[in-house]
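Participant: 3D, please:
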Amino acid sequence: MRLRLLLLALGTFAVGTDTMVMAGILGRIAGDLGVSVPAAGQLVTVFALSYALLAPLLAAATARWPRRRLLLAALAVFTAANALSALAPDYPTLLATRVLAAAGAALYTPNASAAATALVPPERRGRALATVLGGMTAATALGVPLGTYVGRADWRATMWLVTALGAVALLGLAAFLRELPASAQAAGLRERLAPLRDKRVLAAAATTFAFFLSFQSVYIYLGTAVHPATGGDADKLSTILLVTGVASVAGSWLGGHVVDRWGVRKVLLVGSVISVVFFAALPWLGLTMPGALVYALAVPLAGWSISVAQPHRLASLRPADAPLLLSLNSSALYLGTAAGGGAGSLAIALLGERWFPLGASALAVVALWLAAATTRPAAKAPAAAGTARMRTEAVPAAESRSRQESSPSGV
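Facilitator: Residues are numbered from 1 along each chain as shown. Below you'll find the model as predicted:
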């Protein structure tokens, strides 16, 4: 049982590494393929946008497939796509392989979570999910700096690393994972999008999009932002990314605790204020290694706390629809990542390589405003309205707090 969960987690580790490692090798890709760094950054945009758009479509199309067959097919597509990325002779071909890799990733990650819950009794499902989704967190802490280090001389070596990780997970699951039938109540595309009719859900998804738009517009080009500190040294950049990864894991853990203690609204506001300040300070912090490391510690702590608070917020809105709402949150996250690649590229073109994080600071202000406006506590009813009316308004608020305390918190 434990081995199968670890193999599922290895698959999410490979997906997470593939999603985020481009930030450490953009310069190598740009130099090898003869494109600019902002153009290379669009590889992240294409991957994230493809993931966001394909996830609900593929989920609906394969809803009744046996889970084992679907997991193996998804990993096969993902692994083959990364091998093709490693072999890509030019930029257009590499772009096409990133779309294919995103399709495999979009199929694998949610179904790996579903498989984890089917492998264990109900009382152990939380721990099983934590194990599998922990692969994504571990990718931030270990996969990205490792991939950057491996690709310090040739970015293709990083793609081969991701290919190897996917292949080991594929072979392991093929050997040890038993058949897992499809859900009898699989939701179609219309059902998956139905919660967007709820204005609260739409506002929460928009907030996720805005936060990740600002965060990723810097993270994707972090190597450029801290170039004065690293001098182009891949080992120094790997160190910064390692600190970023460790801080991300700490931020995820911290987010789960402070949401329970402070509530979603305060976590969103505090986290976004920290982000605004440090994005604005990065043009100066990025001049030295100590300053870059301070940034690498502070922003992931804030960002990953927010990434826990947002799904917590969505799941508490309509607990019965929590799986669908969390799927929508993931799509909003990847759409924000995709748009962040374009926003960062535009900011570099307009503001230059040193000052482009100021654009992220402005975007974070928008995210802060959106979070404040859409999580504002409901106004208390006037006393003249009567006790019955006050009681009617108080009950949903109490239920909301109860749902927030009992709903899952994670990404």
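Participant: does the residue nearest the centre of the chain belong to a helix or a strand, and which?
Facilitator: Central residue of the chain (CA atoms, centre = their mean): L333, 5.8 Å from the mean position. When elements are assigned from DSSP states H and E, L333 belongs to helix 322-351.
Participant: Just give the number of residues close to L314.
Facilitator: Residues lying near L314 (other CB atoms under 10 Å) number 27. All C-beta spots, glycine's among them, are computed from the backbone N, C-alpha and C.
Participant: and it, how far is that from A106?
Facilitator: Here L314 is placed at a distance of 19 Å from A106 (CB to CB, to the nearest Å).
Participant: How about T337?
Facilitator: 13 Å.
Participant: what's the answer for A55, then?
Facilitator: A55 is 4 Å from A106, by CB to CB.
Participant: my guess is G223 meets A229, correct?
Facilitator: No: using CB atoms under 8 Å, G223 makes no contact with A229, being 10.5 Å away.
Participant: ok, F209 - contacts?
Facilitator: By CB atoms under 8 Å, 6 or more residues apart in numbering, the residues touching F209 are 332-333, 335-336, 339.
Participant: so where does it fall, helix or strand?
Facilitator: Here F209 is assigned to helix 199-219, by DSSP H and E.
Participant: Could you do A118 as well?
Facilitator: With DSSP H and E as the test, A118 turns up in helix 91-119.
Participant: got the angle for that helix vs helix 322-351?
Facilitator: 150 degrees (axes from the mean of the first three to the mean of the last three CA atoms, to 10 degrees).
Participant: quick revisit: more neighbours: which of A55 and A106?
Facilitator: Taking neighbours as other CB under 10 Å, A55 and A106 compare with A106 leading, 27 against 23.
Participant: tell me the contacts of L95?
Facilitator: 42-43, 46.
Participant: measure it to L213 for me?
Facilitator: 21 Å.
Participant: same question, G352
Facilitator: 20 Å.
Participant: More neighbours: those two, which one.
Facilitator: Neighbour count, other CB under 10 Å: between G352 and L213, L213 has more, with 25 against 11.
Participant: and stretch 250-266, what's its mean pLDDT?
Facilitator: For stretch 250-266, the mean pLDDT works out to 82.
Participant: Please list all residues in contact with T158.
Facilitator: 21, 24-25, 147-148, 150-151.
Participant: Now T62: phi and psi?
Facilitator: phi -110, psi 20 (degrees, to the nearest 10).
Participant: swap in A88?
Facilitator: phi -60, psi 130.
Participant: Neighbours of it, how many?
Facilitator: 20.
Participant: Repeat that for P66.
Facilitator: 13.
Participant: sorry, back to before: tell me the one among the contacts of F209 nearest to T79.
Facilitator: The closest of these to T79 turns out to be L333 (CB to CB; 23.4 Å).
Participant: Next up, the contacts around the spatially closest residue to D90 that is not a sequence neighbour.
Facilitator: Spatially, and ignoring its direct neighbours in sequence, D90 is nearest to L33 (6.4 Å; CB to CB, 6 or more residues apart in numbering). Counting by CB under 8 Å, 6+ apart, L33 touches 40, 90-91, 94.
Participant: how near is L33 to L94?
Facilitator: 7 Å.
Participant: How about T12?
Facilitator: 23 Å.
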